[in-house]
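J.: predicted coordinates and the sequence they were generated for:
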Amino acid sequence: MATWQNWARTERSNPQRFDTPESTDELAAVVARSAEQGRHVKAVGAGHSFTGAAVTDGTLLSLDRMTGIETVLPTATGALVSVRAGTRLHDLSEQLWALGLALPNLGDVDVQSVAGAISTGTHGTGAGFTGLAAQVRAVTTVLADGSVVECSPAHQPELFEVSRLGIGAVGVLSSVTFDCVAAFRLRAHEAPGSLHETLDSLDDRLRADHFEFYWFPHTDGVLTKSNTRLPGTTPVDPVGRIRGFVDDEVLSNGVFNAFQHLGTRVPTLIPGLNSVSSRALSERTYTDRSHRVFASNRRVRFKEMEYAIPVDALPAVLDEIAAWLRRSALKIGFPVEVRFAAADDVWLSTAHGRDTAYVAVHQFHRGEHREYFSAVEAIARAVGGRPHWGKLHGLTAAELSEAYPRFDDAVAVRDRVDPQRVFDNAYLQRVLGA
């Protein structure tokens with residue numbers, strides 16, 4: 001088949017076969033046949049991982065024909081909703097809303113498939129809320145021999161743990177059951193501000209349901225966003241069409257894209273461009289369906305690395321990044337994104353066992369990222385940081401095993417269910433071992 005490449009254009013491969021199964025039985029047959037013929041197998045959704053998680057020289061599976069909600073079981077707080085693993089998050093959110101339901105939390109990008117999002121540890125923001133994998137209550141997965149296994153905390157719990165967040169190392173997900181809540185709206189308040197003032201008031205700001213901010217390097221400017229949860233019956237007050245076009249299309253995508261091109265050609269302009277960017281978006285408040293507020297349109301292509309660190313280490317980490325940039329000749333035109341999450345018990349979750357701050361650094365897709373990312377990685381690792389599984393980083397299994405208390409348990413499950421490494425690739429060999 002033709003060369004496959006991911007969204008960020010950081011990875012590409014030439015698989016021998018490309019299959020698009022439509023059912024669990026078809027998926028199981030493709031996996032079993034590929035294994036019998038000695039081909040590696042990987043599944044791909046939107047290709048939004050920046051890493052080589054989906055790269056294969058064997059059979060590449062698209063789950064794009066395995067979409068939609070399968071079952072809905074009402075609960076006291078919402079419903080357990082089983083969804084086919086190829087469903088894109090933005091489609092799932094609309095389908096859930098029609099049922100009076102919602103996912104409790106979402107990331108700021110929702111183009112991913114359900115399988116890809118949970119398998120790489122996608123999360124949103126909110127000091128009292130966990131990432132997507134922690135919202136999963138059961139999965140159906142296809143193992144290397146083609147067997148179909150339904151697992152949950154009560155049935156094959158170890159396989160469940162590595163299936164709901166395991167970078168596709170133990171099988172291919174067929175369906176996922178989420179613990180959904182009643183539909184709710186969000187009131188978003190966005191405002192420019194100062195990095196130092198934001199950090200000084202961080203304890204108060206984290207009392208908001210969902211808080212995040214973007215810091216523009218080489219400046220003290222930030223853009224803050226606080227989302228407050230409201231009942232699903234609350235009247236909407238969305239951003240006006242003209243204001244939305246100017247802020248979200250012209251400034252956040254059009255002008256920002258132009259700034260990136262200009263900064264790539266003339267790096268000395270970047271601090272000034274960042275100063276303009278930090279002040280360009282004025283304060284605004286709006287209310288809409290939860291998923292429409294959580295997610296944003298991102299059309300400027302970039303490369304990204306994100307580290308999960310203890311919340312109390314955040315000010316020092318940002319100070320260290322700022323100090324490194326002052327010493328370096330590099331000029332960075334993309335803002336640093338800072339988000340938060342509650343501790344969870346998912347074995348390979350970046351928030352496993354601790355309340356977490358996420359520091360995400362970006363570089364324009366035409367810019368060189370290695371020196372910047374390596375410097376930030378060293379700063380984050382010094383405070384016990386854990387890299388996002390779906391974003392660029394330089395760690396190996398030996399280093400990651402020290403960061404995750406249940407790492408060896410996860411590897412043991414992989415050894416047990418896929419000893420022949422049907423689902424293996426170079427990325428998994430690096431981060432989980434051969």
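T.: On my side now, so go ahead.

J.: hey, where'd the helices end up in the stretch 301-434 of the chain?
T.: 314-327, 370-381, 397-403, 407-417, 426-432 (DSSP state H, counting those that start in this stretch).

J.: make a markdown table out of the ones you listed and add mean neighbour count.
T.: Bear in mind the C-beta positions are built from the backbone N, C-alpha and C, glycine included. Output for these, formatted as a markdown table (neighbours: other Cβ atoms under 10 Å):
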| stretch | mean neighbour count |
| --- | --- |
| helix 314-327 | 16 |
| helix 370-381 | 18 |
| helix 397-403 | 15 |
| helix 407-417 | 17 |
| helix 426-432 | 19 |
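
J.: and the residue sitting nearest the centre point of the chain, how far is that from residue 100?
T.: When Cα atoms, centre = their mean is applied to the chain, the residue found nearest the centroid is residue 122 (3.0 Å). For residue 122, the distance to residue 100 equals 24 Å [Cβ to Cβ, to the nearest Å].

J.: ok, now residue 60?
T.: 37 Å.

J.: setting aside sequence neighbours, what's the nearest residue to residue 407?
T.: Nearest residue to residue 407, sequence neighbours excluded (Cβ to Cβ, 6 or more residues apart in numbering): residue 401, at 4.4 Å.

J.: that neighbour touches residue 408, doesn't it?
T.: Yes - with contacts counted by Cβ atoms under 8 Å, residue 401 reaches residue 408, the gap being 6.4 Å.

J.: so which residues of the stretch 251-400 of the chain form strands?
T.: 284-289, 302-310, 336-341, 356-364, 386-387 (DSSP state E, counting those that start in this stretch).

J.: what about the residue nearest to residue 407, distance to residue 410?
T.: Applying Cβ to Cβ to residue 401 and residue 410 gives a distance of 10 Å.

J.: with residue 292 instead?
T.: Distance from residue 292 to residue 410, by Cβ to Cβ: 35 Å.

J.: what number of residues lie near residue 60?
T.: 24 (other Cβ atoms under 10 Å).

J.: could you find the closest non-adjacent residue to it?
T.: Residue 60's closest residue in space is residue 15 (Cβ to Cβ, 6+ apart), at 4.0 Å.

J.: same question, residue 379
T.: That would be residue 320: by Cβ to Cβ, 6+ apart, it lies 4.5 Å from residue 379.

J.: repeat that for residue 143.
T.: Counting by Cβ to Cβ, 6+ apart, the residue nearest residue 143 is residue 171, at 4.8 Å.

J.: the one you found touches residue 156, doesn't it?
T.: No - contact criterion Cβ under 8 Å: residue 171 and residue 156 do not qualify, at 11.4 Å.

J.: what's the average pLDDT for stretch 326-334?
T.: Per-residue pLDDT over stretch 326-334 has a mean of 92.

J.: to clarify, my last question referred to stretch 414-432.
T.: 98.

J.: do the same with stretch 239-252
T.: Rounded mean pLDDT across stretch 239-252 is 51.

J.: gap between the residue nearest to residue 407 and residue 368?
T.: 30 Å.

J.: also residue 413?
T.: Taken as Cβ to Cβ, the span from residue 413 to residue 368 is 38 Å.

J.: so what are the domain limits for this protein?
T.: Following automatic domain parsing, the chain resolves into domains at 69-183, 184-387.

J.: so residue 26, which of the three states?
T.: For residue 26, the secondary structure call by DSSP: H, G, I helix; E, B strand; the rest coil comes out as helix.

J.: give me the neighbour count for residue 121.
T.: Neighbours around residue 121, by other Cβ under 10 Å: 28.

J.: please apply the same query to residue 296.
T.: If we define neighbours as other Cβ under 10 Å, then residue 296 has 14 of them.

J.: quick one: contacts for residue 213?
T.: 193, 198, 222-225, 338 (Cβ atoms under 8 Å, 6 or more residues apart in numbering).

J.: of those residues, just say which sits nearest to residue 163.
T.: residue 338 (30.0 Å; Cβ to Cβ).

J.: my guess is the closest one contacts residue 212, does it?
T.: Yes - with contact defined as Cβ under 8 Å, residue 338 counts as touching residue 212 (6.3 Å).

J.: higher neighbour count, those two?
T.: In this view residue 338 and residue 212 are compared by other Cβ under 10 Å, and residue 338 has more residues nearby, 24 against 20.

J.: what pairs with the more buried one across the strands?
T.: For residue 338, the beta-bridge assignment (DSSP bridges) gives partners residue 213, residue 359.

J.: again with residue 138
T.: Beta-bridge partners, per DSSP bridges, of residue 138: residue 177.

J.: let me see the confidence value for it.
T.: 98.

J.: residue contacts, it?
T.: 80, 82, 150-152, 160, 176-177.

J.: one more time with 10 Å, if that's ok
T.: 80, 82, 150-155, 160, 163-164, 175-179 (Cβ atoms under 10 Å, 6 or more residues apart in numbering).

J.: what about residue 82, how many neighbours?
T.: Count around residue 82 with other Cβ under 10 Å applied: 18.

J.: so it sits against residue 177, correct?
T.: Yes - contact criterion Cβ atoms under 10 Å: residue 82 and residue 177 qualify, at 4.5 Å.

J.: wait, residue 48 touches residue 112, no?
T.: Yes - applying Cβ under 10 Å as the test, residue 48 and residue 112 come out as touching, 5.0 Å apart.

J.: what distance separates stretch 197-212 from the centre of its chain?
T.: Remark: stretch 197-212 is offset 21 Å from the chain centroid, using Cα atoms, centre = their mean, to the nearest Å.

J.: wait, residue 113 sits on residue 88?
T.: Yes - using Cβ under 10 Å, residue 113 makes contact with residue 88 at a distance of 5.8 Å.

J.: tally of neighbours for residue 261?
T.: Around residue 261 there are 13 residues (other Cβ under 10 Å).

J.: and the closest residue in space to residue 55 that isn't next to it in sequence, how many neighbours?
T.: Setting aside the residues directly before and after it, residue 55 is nearest to residue 13 in space (Cβ to Cβ, 6+ apart), at 4.3 Å. Neighbour count of residue 13, defined by other Cβ under 10 Å: 20.
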